[in-house]
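Chemist: Generate a structure from the sequence data that follows.
(chains A and B)
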Number of protein chains: 2
Amino acid sequence: MTLTGQHFIAGQRNATGASTFTGINPATGEALPTTFHDATSDEINQAVVAAEEAFYQLQQVDPAKLADLLESIADRIEAAGDTLIQRVMAETGLPEARCKGERGRTCNQTRIFASMARDGSWRQPRIDAADPQSKPGKPDVRTMLFGIGPVAVFGASNFPLAIGVVGTDTVCALAAGCPVIVKAHPAHPGTCEILAEIVTEAVAHCGLPAGTFSMLQSNSNESGAEFVRHPGVCAVAFTGSLRGGRALFDIACSRPRPIPFYAEMGSSNPVFLLPGALAQRSTDIAADYIKSVTMGVGQFCTNPAIVLGLESEHLESFVSAAAEGAAGYQPQTMLHPGIYQAFESGRQKIAATSGVSQVAVSQAESSGTANEAVCQIFAADFSVLDATEELEEVFGPTSTIYRCQSKDQLLKFARSLDGHLTATLHGTEEDLTEHADLVNILQHKVGRIVFNGFPTGIEVCHAMHHGGPYPAATHSFFTSIGHQSIYRFVKPVCFQGFPSSALPEALRQ
Amino acid sequence: MTLTGQHFIAGQRNATGASTFTGINPATGEALPTTFHDATSDEINQAVVAAEEAFYQLQQVDPAKLADLLESIADRIEAAGDTLIQRVMAETGLPEARCKGERGRTCNQTRIFASMARDGSWRQPRIDAADPQSKPGKPDVRTMLFGIGPVAVFGASNFPLAIGVVGTDTVCALAAGCPVIVKAHPAHPGTCEILAEIVTEAVAHCGLPAGTFSMLQSNSNESGAEFVRHPGVCAVAFTGSLRGGRALFDIACSRPRPIPFYAEMGSSNPVFLLPGALAQRSTDIAADYIKSVTMGVGQFCTNPAIVLGLESEHLESFVSAAAEGAAGYQPQTMLHPGIYQAFESGRQKIAATSGVSQVAVSQAESSGTANEAVCQIFAADFSVLDATEELEEVFGPTSTIYRCQSKDQLLKFARSLDGHLTATLHGTEEDLTEHADLVNILQHKVGRIVFNGFPTGIEVCHAMHHGGPYPAATHSFFTSIGHQSIYRFVKPVCFQGFPSSALPEALRQ
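Modeler: As a prediction, the model looks like this:
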């Protein structure tokens, strides 16, 4: 397909805005050929108005049609083959295997939500039958979940497929019969256009209203704010930085009619190395640690940026082995020059912190592409961490190991934590028993606790919870990945005293 | 018991603030004897700090102890007998039967949450077993719900027991192991003190940490804001006016660490009279309508303030019968002089609206008590409603009947609705079929749709949903009444790769 640089507004390609931008190939630092237009207020309005209209229709269609739509999207993504993969690679610098792997996950989760749409399992029907004998007569009360309305989606820079135009946010909203308006990520606009064309074609193929889906390009924060401010938008999903997420959250909450703003904003994902595990397998843990720190060039929101261990010779073997791993890491291109620059200044800031020393930095030569990140590991005494007011996430392959003198320091740190997506423990079963109080604290600080593994790589399944207390996410009840993510875009409706014939099928006993 | 006017802060009676207020007997307009102290910042801080400390302990106790606590509270409320009922009556003007009925509901729902605490059914364990054969190896992922942390509760003026110091908010938070800090309602401070003493004694009796419960008196909006601003508070429940709720919601969202603020802020609860029902039983519907409008002196958040019907002779019989009912209503004392004054100016404002005419007003003589509300019913053409920018809830026994000329007008009105707690339809099954499009719209405007009944009187059950889109509530996913209300105060925690021995029991398969 040929990229046009236009939006897809309720089935139509269009772009009237004068302000434009291009994609950048981070591996070369050069602009990619197509010119993309920033969405205008009028275009955003058109998309949302069409979505509002489509919403009532989608809520009435046979859910099997929504399942067909999602399956058709997954099929078309696979059919797009290399055209899609090559554009993702050109816009993100991600290697082919990763892009293909992410495509697999994307299609897989799209089909998961197709089957949820088909079987209606997410609707959670609840039936309380009437009891005319009781006083006062207990009425017949039945409740199930319905889609909330048009959903605005802000995809992530680091998962152009799985958390992008057809990422979890979009497909779970569609499964619940919510029209979606995507604000394309400006770091991979061509990828967004290819995906938006796929969804637009699938919507038409399935005979669903055109307003079911729109995708607008924009490189401006102000138009992002306009999506959130539009009175027709009923919920927003966002994956990105704390700064960006908070700014849009504030807009969502201060609207005349506030709406839920579900942001996943990353975190530092602390790792606790407990003594038994270190004694048994310090070098293996170190190897997996470096693999996790550098996975996707460290551009994962679950990147383990902080490690705490009790001082011992075993901790020092861990540090040495981690140093070796980091030194041998082949520098790789980051997603975007802006992200690369932020990483460079972030790791310099850590290096300049008093009490922090470098453990290792990649020694391998550059492969000759631009915006390449090294892996850099630091170490410091617990006192440095203890004196830190606020943990700032540095997005990229860096991590700091803190040497602690006592179990109390681990507990003190855990208590001081803000919300994080994950915490990780490496230990024996005896370590876990010994540190049960640490686990008890972490339960109220993070969304997911990993034992003897690493937090990067998130299984898409029923039990997954990808979220956590603020600032990991804006609402700790909801997840942005896995089957439960659909609950962000639904609300209960209760029917009291209705005759069976007028009830939705799932409520007819 | 003798009222002291003090707070209960983590088991201790105390009150250091210089600023004071008293309860008022609305039936006489006179101040009641005890002087209550406004909570100081320091006292609020003490209560929240104690709650934070208690939280980690409560999360570790055997849930059966939380069930014991709730059952002990219910038992003690019943044992308090007339002392409690007389004080409620003196502070609210509510008749004895109503106070006793509300006490029954209060104890019933407290015991419902006791049994939920005991059986752990609210924890929703989800287990995804490992699959080492899959690539990459699928890890073991298990998730269940935990309490969110200390919860601040702002009770309602109109349900001093069921939505008060020991109302749903408090008891479902305690069931989830969340300590509670109640800001007492200044309209019934003595009732609050009696209930707080009961909870404090029950907490001590069950050997739970004193910080599990605190109750602070205050007649100032500023100290309400301090509850919401305190960094140790993790969620807030509020029942009251849109103005008050929105002001506190804004504070909760603009905190450095925003927290969920669950407000139920009432609504106008539109009623649609469909032709078949009017033809069959217009006078019966009118009698039930007046009963609903005047229930609790119209001081229910589900009070049906707007009625729409298609012009016909049957609609006129409904209007006549409603007029008769309203005229015969015996005026009754409202909860508080302030509420009475707001009602008086509210109904005068409706009366002064161009195009609105009075259908009837209570003719019965005053029974001689103060702050007595009449029942006043108005009527107008649909065009008046259509020209109304925003429906303002008038809290009290008044309602307006709108005569519509077409089905399209019903649909237009439904589409224009903001969020409401309820909508009601009176019709035959044929009416429902004929007006299926109206029901489809209402599903996205209200939390509960009542057929051939009235919305006042809320069944406490599994399927109940008491909430709705803003401004009925601040988050349409959650309910403030019924079993599901516990989900406001919990969040999932995911355990990945944990050995069975270290998992919470419910996750051990």
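Chemist: in the sheet, who's paired with the most centrally placed residue in chain A?
Modeler: Centroid-nearest residue in chain A: residue A:239, 4.8 Å away (criterion: CA atoms, centre = their mean). On the basis of DSSP bridges, residue A:239 is bridged to residue A:264.
Chemist: quick one: residue A:154 and chain B, what's the gap?
Modeler: Counting by CB to the nearest CB, to the nearest Å, the gap from residue A:154 to chain B is 18 Å. Placement of C-beta: from N, CA and C, glycine included.
Chemist: Please report the distance of the nearest residue to that residue once chain neighbours are set aside from chain B.
Modeler: Of all residues not flanking residue A:154 in the chain, residue A:238 sits nearest, at 4.2 Å (CB to CB, 6 or more residues apart in numbering or on different chains). Per CB to the nearest CB, residue A:238 is found 14 Å from chain B.
Chemist: Surely residue A:238 touches residue A:261?
Modeler: Yes. Under the criterion of CB atoms under 8 Å, residue A:238 makes contact with residue A:261 at 6.8 Å.
Chemist: In terms of neighbours, single out the busier of the two.
Modeler: residue A:238 (29 against 26; other CB atoms under 10 Å in any protein chain shown).
Chemist: Would you mind listing the buried residues in stretch A:305-316?
Modeler: By neighbour count on 16 or more other CB atoms under 10 Å in any protein chain shown, the buried set for stretch A:305-316 is A:305, A:306, A:307, A:308, A:309, A:310, A:314, A:315.
Chemist: quick one: contacts for residue A:13?
Modeler: Contacts for residue A:13 (CB atoms under 8 Å, 6 or more residues apart in numbering or on different chains) come out as A:4, A:6, A:7.
Chemist: again, but for residue A:375
Modeler: Contacts for residue A:375 (CB under 8 Å, 6+ apart) come out as A:290, A:293-294, A:298, A:325-326, A:329, A:331, A:360-362, A:397-398.
Chemist: thinking again about what came up before, most neighbours among the contacts of residue A:13, which one?
Modeler: With neighbours taken as other CB under 10 Å, the top of those is residue A:7, carrying 31 neighbours.
Chemist: Show the contacting residues for that residue.
Modeler: If you count contacts by CB under 8 Å, 6+ apart, residue A:7 has them with A:13, A:14, A:15, A:37, A:39, A:43, A:47, A:196, A:214, A:215, A:216, A:217.
Chemist: Let's see the pLDDT reported for the fifth one.
Modeler: On the pLDDT scale, residue A:39 is placed at 97.
Chemist: Leaving out chain neighbours, which residue sits closest to residue A:308?
Modeler: residue A:402 (4.9 Å).
Chemist: How many residues are close by the one you found?
Modeler: 23.
Chemist: Assign it to helix, strand or coil.
Modeler: strand (DSSP: H, G, I helix; E, B strand; the rest coil).
Chemist: okay, it: pLDDT?
Modeler: So residue A:402 comes in at 98 (pLDDT).
Chemist: Hmm, residue A:383 and it touching each other?
Modeler: No. Residue A:402 is beyond contact range of residue A:383, at 9.1 Å (criterion: CB under 8 Å).
Chemist: for the record, mean pLDDT for the helix or strand hosting residue A:198?
Modeler: Using DSSP states H and E, residue A:198 sits in helix A:189-205. Helix A:189-205 carries an average pLDDT of 98.
Chemist: got it, and stretch A:60-69?
Modeler: On average, stretch A:60-69 scores 97.
Chemist: so where do the helices sit in the stretch 101-250 of chain A?
Modeler: A:168-175, A:189-205, A:221-229, A:242-254 (DSSP state H, counting those that start in this stretch).
Chemist: Distance from the chain centre to the longest one, please.
Modeler: Computed by CA atoms, centre = their mean, to the nearest Å, the separation of helix A:189-205 from the middle of its chain amounts to 20 Å.
Chemist: Show me what it is packed against.
Modeler: Counting contacts by 3 or more CB pairs under 8 Å, 6 or more residues apart in numbering or on different chains; DSSP states H and E, helix A:189-205 packs against strand A:7-9, strand A:20-25, strand A:30-37, helix A:63-92, strand A:213-216.
Chemist: one more time with 10 Å
Modeler: Here helix A:189-205 touches strand A:7-9, strand A:12-14, strand A:20-25, strand A:30-37, helix A:63-92, helix A:168-175, strand A:180-183, strand A:213-216, going by 3 or more CB pairs under 10 Å, 6 or more residues apart in numbering or on different chains; DSSP states H and E.
Chemist: Can you point out the buried residues in that helix?
Modeler: Neighbour counts over helix A:189-205 (16+ other CB under 10 Å) mark A:189-200, A:202-203 as buried.
Chemist: Model confidence for residue A:1, exactly?
Modeler: You'll see residue A:1 listed with a pLDDT of 69.
Chemist: What of the one 3 residues further on?
Modeler: pLDDT, the model's per-residue confidence, is 97 for residue A:4.
Chemist: Quick check, it in contact with residue A:33.
Modeler: No. With contact defined as CB atoms under 10 Å, residue A:4 does not count as touching residue A:33 (11.7 Å).
Chemist: Please tabulate the helices of the stretch 101-250 of chain A in a markdown table, including the columns distance to residue A:443.
Modeler: What follows is the helices of the stretch 101-250 of chain A, written out as a markdown table (distance: least, CB to CB, whole Å):
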| stretch | distance to residue A:443 |
| --- | --- |
| helix A:168-175 | 25 |
| helix A:189-205 | 37 |
| helix A:221-229 | 32 |
| helix A:242-254 | 23 |
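Chemist: so which of those helices comes closest to residue A:505?
Modeler: Nearest to residue A:505 among the helices of the stretch 101-250 of chain A is helix A:168-175 (17.1 Å), distances taken as CB to CB.
Chemist: Next, find the distance separating residue A:82 from residue A:99.
Modeler: Separation of residue A:82 from residue A:99 (CB to CB, to the nearest Å) stands at 10 Å.
Chemist: More neighbours: which of the two?
Modeler: Each of residue A:82 and residue A:99 has its neighbours counted (other CB under 10 Å); residue A:99 has more, 20 against 10.
Chemist: is it true that that one lies in a helix?
Modeler: Yes. Using three-state DSSP, the assignment for residue A:99 is a helix.
Chemist: how close does residue A:43 sit to residue B:166?
Modeler: Residue A:43 is 53 Å from residue B:166, by CB to CB.
Chemist: Those two: which is more packed in?
Modeler: Set residue A:43 next to residue B:166 and count neighbours by other CB under 10 Å: residue B:166 wins out with 32 against 24.
Chemist: That one contacts residue B:76, correct?
Modeler: Yes. Between residue B:166 and residue B:76 there is a contact under CB under 10 Å: 9.5 Å.
Chemist: if you skip the residues just before and after it, what's nearest to whichever residue of the stretch 151-300 of chain A sits closest to chain B?
Modeler: Closest contact between the stretch 151-300 of chain A and chain B, by CB to the nearest CB, is at residue A:253 (3.7 Å). Spatial nearest neighbour of residue A:253, chain neighbours left out: residue B:253 (3.7 Å); criterion: CB to CB, 6+ apart.
Chemist: Tell me the predicted confidence for the residue of the stretch 151-300 of chain A closest to chain B.
Modeler: At residue A:253, the pLDDT value in this model is 98.
Chemist: Contact partners for it?
Modeler: Applying CB atoms under 10 Å, 6 or more residues apart in numbering or on different chains, one finds that residue A:253 lies in contact with A:228, A:259-261, A:474, B:249-250, B:252-254, B:258, B:261, B:474.
Chemist: if I look at the closest residue to residue A:163 other than its chain neighbours, how far off is residue A:264?
Modeler: Once flanking residues are discounted, residue A:163 sits nearest to residue A:156: 4.0 Å by CB to CB, 6+ apart. Distance, residue A:156 to residue A:264, using CB to CB: 8 Å.
Chemist: shared neighbours of those two, anything?
Modeler: Common neighbours of residue A:156 and residue A:264, counting by CB under 10 Å, 6+ apart, are A:163, A:169, A:238, A:239, A:240, A:301, A:480.
Chemist: Now rank those by neighbours and give me the top one.
Modeler: residue A:169 (31 neighbours).
Chemist: surely that residue meets residue A:236?
Modeler: Yes. Contact criterion CB under 10 Å: residue A:169 and residue A:236 qualify, at 9.2 Å.
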